[in-house]
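*Asks:* predicted model and sequence below, questions to follow.
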Amino acid sequence: MSIIRITMAAVAHARALPLTLAIVITAFAATPASAQGPSGNQWVAPERASHRTNPTPVTAEAVKRGSDLFRRDCEQCHGKSGHGDGPQSGSLQPRPADLASERVQLQSEGAIFWKISEGRGMMPRATLNESEKWSVIAYLRTLATPR
(Lines give C-alpha, C1' and ligand atoms only; values in the text may rest on other atoms or scores of the structure.)
Protein backbone atom coordinates (compact mmCIF):
# COMPACT_ATOMS: atom_id res chain seq x y z
CA MET A 1 0.00 0.00 0.00
CA SER A 2 1.42 3.37 -0.90
CA ILE A 3 2.09 6.13 1.60
CA ILE A 4 -0.60 8.28 -0.06
CA ARG A 5 -3.28 5.61 0.42
CA ILE A 6 -2.25 5.14 4.06
CA THR A 7 -2.34 8.89 4.67
CA MET A 8 -5.75 9.25 3.00
CA ALA A 9 -7.14 6.35 5.05
CA ALA A 10 -5.85 7.94 8.28
CA VAL A 11 -7.44 11.28 7.34
CA ALA A 12 -10.78 9.57 6.60
CA HIS A 13 -10.72 7.84 9.99
CA ALA A 14 -9.80 11.08 11.77
CA ARG A 15 -12.74 12.87 10.11
CA ALA A 16 -15.14 10.07 11.09
CA LEU A 17 -14.19 10.14 14.78
CA PRO A 18 -16.03 13.39 15.72
CA LEU A 19 -19.15 12.17 13.92
CA THR A 20 -18.99 8.83 15.75
CA LEU A 21 -18.59 10.59 19.10
CA ALA A 22 -21.50 12.91 18.33
CA ILE A 23 -23.74 9.93 17.52
CA VAL A 24 -22.79 8.13 20.75
CA ILE A 25 -23.33 11.25 22.88
CA THR A 26 -26.69 11.92 21.22
CA ALA A 27 -27.80 8.33 21.82
CA PHE A 28 -27.06 8.59 25.55
CA ALA A 29 -28.59 12.06 25.85
CA ALA A 30 -31.76 10.88 24.13
CA THR A 31 -32.26 8.02 26.61
CA PRO A 32 -35.36 8.76 28.70
CA ALA A 33 -34.59 9.61 32.30
CA SER A 34 -36.78 6.78 33.52
CA ALA A 35 -34.57 4.31 31.70
CA GLN A 36 -31.62 5.41 33.80
CA GLY A 37 -33.15 4.11 37.00
CA PRO A 38 -35.40 1.27 38.12
CA SER A 39 -38.68 0.80 36.29
CA GLY A 40 -41.71 2.78 37.35
CA ASN A 41 -41.56 5.28 40.18
CA GLN A 42 -39.97 2.81 42.57
CA TRP A 43 -36.46 3.78 43.53
CA VAL A 44 -35.14 1.47 46.18
CA ALA A 45 -31.77 1.91 47.84
CA PRO A 46 -29.63 -1.20 48.31
CA GLU A 47 -30.16 -3.05 51.58
CA ARG A 48 -26.65 -2.19 52.81
CA ALA A 49 -27.35 1.54 52.37
CA SER A 50 -30.63 1.37 54.27
CA HIS A 51 -28.86 0.44 57.50
CA ARG A 52 -26.62 3.50 57.53
CA THR A 53 -27.45 6.09 60.19
CA ASN A 54 -26.59 9.73 60.65
CA PRO A 55 -23.31 9.80 62.60
CA THR A 56 -23.81 13.38 63.80
CA PRO A 57 -26.41 14.72 66.22
CA VAL A 58 -29.37 16.51 64.65
CA THR A 59 -29.25 20.05 66.00
CA ALA A 60 -31.02 23.28 65.08
CA GLU A 61 -27.76 24.38 63.45
CA ALA A 62 -27.61 21.21 61.32
CA VAL A 63 -31.24 21.68 60.22
CA LYS A 64 -30.57 25.35 59.32
CA ARG A 65 -27.48 24.33 57.34
CA GLY A 66 -29.52 21.64 55.58
CA SER A 67 -32.24 24.16 54.79
CA ASP A 68 -29.71 26.53 53.23
CA LEU A 69 -28.18 23.72 51.15
CA PHE A 70 -31.64 22.50 50.09
CA ARG A 71 -32.58 25.98 48.90
CA ARG A 72 -29.33 26.24 46.95
CA ASP A 73 -29.22 22.76 45.40
CA CYS A 74 -32.66 21.12 45.55
CA GLU A 75 -35.42 23.72 45.60
CA GLN A 76 -35.48 24.34 41.83
CA CYS A 77 -36.82 20.83 41.29
CA HIS A 78 -38.30 19.74 44.63
CA GLY A 79 -39.94 23.10 45.44
CA LYS A 80 -39.82 25.38 48.50
CA SER A 81 -41.68 22.88 50.69
CA GLY A 82 -40.22 19.78 49.06
CA HIS A 83 -43.44 18.70 47.33
CA GLY A 84 -41.76 18.09 43.96
CA ASP A 85 -43.30 21.25 42.52
CA GLY A 86 -40.28 23.47 41.91
CA PRO A 87 -40.04 25.70 38.83
CA GLN A 88 -37.98 23.07 36.95
CA SER A 89 -40.18 20.10 37.92
CA GLY A 90 -42.60 20.25 34.99
CA SER A 91 -39.95 19.32 32.47
CA LEU A 92 -38.48 16.41 34.40
CA GLN A 93 -39.14 12.68 33.99
CA PRO A 94 -39.44 11.06 36.37
CA ARG A 95 -41.00 13.92 38.31
CA PRO A 96 -39.16 14.98 41.47
CA ALA A 97 -40.33 13.18 44.59
CA ASP A 98 -42.59 14.80 47.16
CA LEU A 99 -40.06 14.81 49.99
CA ALA A 100 -42.76 15.60 52.56
CA SER A 101 -44.77 12.51 51.62
CA GLU A 102 -45.10 9.50 53.86
CA ARG A 103 -43.50 7.37 51.13
CA VAL A 104 -40.28 9.38 51.39
CA GLN A 105 -40.40 10.12 55.10
CA LEU A 106 -40.68 6.41 55.94
CA GLN A 107 -37.39 5.70 54.17
CA SER A 108 -34.33 5.27 56.35
CA GLU A 109 -31.75 8.02 56.61
CA GLY A 110 -29.28 5.68 54.94
CA ALA A 111 -31.58 5.12 51.96
CA ILE A 112 -32.03 8.86 51.49
CA PHE A 113 -28.28 9.42 51.88
CA TRP A 114 -27.63 6.84 49.16
CA LYS A 115 -30.15 8.43 46.79
CA ILE A 116 -28.67 11.91 47.30
CA SER A 117 -25.20 10.47 46.72
CA GLU A 118 -26.05 8.42 43.63
CA GLY A 119 -28.65 10.53 41.86
CA ARG A 120 -31.06 9.13 39.28
CA GLY A 121 -32.18 10.24 35.85
CA MET A 122 -32.29 14.02 35.85
CA MET A 123 -31.37 14.21 39.54
CA PRO A 124 -27.60 14.61 39.62
CA ARG A 125 -25.29 13.07 42.17
CA ALA A 126 -24.94 15.56 45.00
CA THR A 127 -21.70 17.48 45.11
CA LEU A 128 -22.17 17.93 48.85
CA ASN A 129 -19.70 16.48 51.30
CA GLU A 130 -20.87 13.79 53.72
CA SER A 131 -21.64 16.21 56.56
CA GLU A 132 -23.66 18.44 54.25
CA LYS A 133 -25.72 15.48 53.01
CA TRP A 134 -26.60 14.54 56.59
CA SER A 135 -27.63 18.16 57.25
CA VAL A 136 -29.93 18.10 54.21
CA ILE A 137 -31.48 14.86 55.48
CA ALA A 138 -32.02 16.47 58.91
CA TYR A 139 -33.83 19.31 57.14
CA LEU A 140 -35.87 16.89 54.98
CA ARG A 141 -37.23 15.29 58.15
CA THR A 142 -38.77 18.65 59.09
CA LEU A 143 -40.83 18.61 55.87
CA ALA A 144 -43.00 15.67 56.96
CA THR A 145 -46.65 16.29 56.20
CA PRO A 146 -48.60 16.45 59.49
CA ARG A 147 -51.24 13.75 59.84
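*Replies:* Looks like it arrived, so ask away.

*Asks:* so how far is the one helix or strand residue 132 maps to from its chain's centroid?
*Replies:* Secondary structure assignment for residue 132, by DSSP states H and E: helix 130-141. Distance of helix 130-141 from its chain centroid, counting by C-alpha atoms, centre = their mean, to the nearest Å, is 15 Å.

*Asks:* show me the domain layout of this structure.
*Replies:* Domain ranges of the chain: 1-30, 43-141, per automatic domain parsing.

*Asks:* out of the ones you listed, deepest packed?
*Replies:* Of all the domains of the chain, domain 43-141 has the most neighbours on average by mean count of other C-beta atoms under 10 Å, namely a mean of 16. (Glycine included, C-beta is placed from N, CA and C.)

*Asks:* how far out from the middle of the chain is it?
*Replies:* Counting by C-alpha atoms, centre = their mean, domain 43-141 comes out at 9 Å from the chain centroid.

*Asks:* what about that domain, average pLDDT?
*Replies:* Averaging pLDDT along domain 43-141 gives 95.

*Asks:* endpoints of that domain, how far apart?
*Replies:* Terminal residues of domain 43-141 are spaced 19 Å apart (C-alpha to C-alpha, to the nearest Å).

*Asks:* assumed residue 68 was part of a helix.
*Replies:* Yes - counting by DSSP: H, G, I helix; E, B strand; the rest coil, residue 68 is located in a helix.
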